[in-house]
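K.L.:
Sequence and predicted structure are below.
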Amino acid sequence: MKSVQLIGLTPEQLQSAIIDGVKTQLEDLKSHFQPKEPTEYLTRQEVATILKVDLSTIHNWCKSGKLLPYGIGKRVYFKRADLESCIIPLER
């Protein structure tokens, strides 16, 4: 069973103790916090330039499922993270 203990603290001391505890927790959070990078979208032309291939190759890779296209209206985009994850090491 939990017991309640009352300690003789002034309101200022209690406030100071709470602030110190919160500061410690915030500093711990800041040291472990990794901001999320925004998603970068690339056009077909940018992907072709990065990979040094023709646009028809990009089209073929989309049809075969090697690249995952995203679109708005008639525009086609690719996520940079998806593009980097598609590149796999070759076996030797």
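P.N.:
Arrived safely. Every value quoted in this text rests on a predicted model; they were computed, and no experiment measured them.
K.L.:
Taking the centroid of the chain, which residue is nearest it?
P.N.:
residue 36 (3.7 Å; CA atoms, centre = their mean).
K.L.:
Now do the contacts for that residue.
P.N.:
Listed by CB atoms under 8 Å, 6 or more residues apart in numbering, residue 36 has no contact partners. C-beta coordinates here come from the backbone N, C-alpha and C atoms, glycine included.
K.L.:
Now it. Its backbone dihedrals?
P.N.:
When read as degrees, to the nearest 10, the backbone of residue 36 gives phi -80, psi 130.
K.L.:
Okay, and residue 76 sits in which element?
P.N.:
According to DSSP states H and E, residue 76 maps onto strand 75-79.
K.L.:
Any idea how far apart the tips of stretch 53-69 sit?
P.N.:
16 Å (CA to CA, to the nearest Å).
K.L.:
Not counting that stretch itself, show me its contacts.
P.N.:
Applying CB under 8 Å, 6+ apart, the external contacts of stretch 53-69 come out as 44-45, 47-48, 51, 76-79, 82-83, 86.
K.L.:
Need the worst-confidence member of these.
P.N.:
The lowest pLDDT within the contacts of stretch 53-69 belongs to residue 86, with 88.
K.L.:
if I pick that residue, what's in contact with it?
P.N.:
With CB under 8 Å, 6+ apart, residue 86 has these contacts: 66-67.
K.L.:
And residue 51, by the same measure?
P.N.:
Contacts here follow CB under 8 Å, 6+ apart; on that basis residue 51 touches 57-58, 83.
K.L.:
Looking at neighbours, which among the residues you listed is most surrounded?
P.N.:
residue 58 (21 neighbours; other CB atoms under 10 Å).
K.L.:
Now name the helix or strand holding that one.
P.N.:
helix 55-64.
K.L.:
List the strands paired with the next helix or strand after that helix, with their directions.
P.N.:
Later in the chain than helix 55-64, the nearest helix or strand by DSSP H and E is strand 70-72. Using DSSP bridges, the strands paired with strand 70-72 are strand 75-79 (antiparallel).
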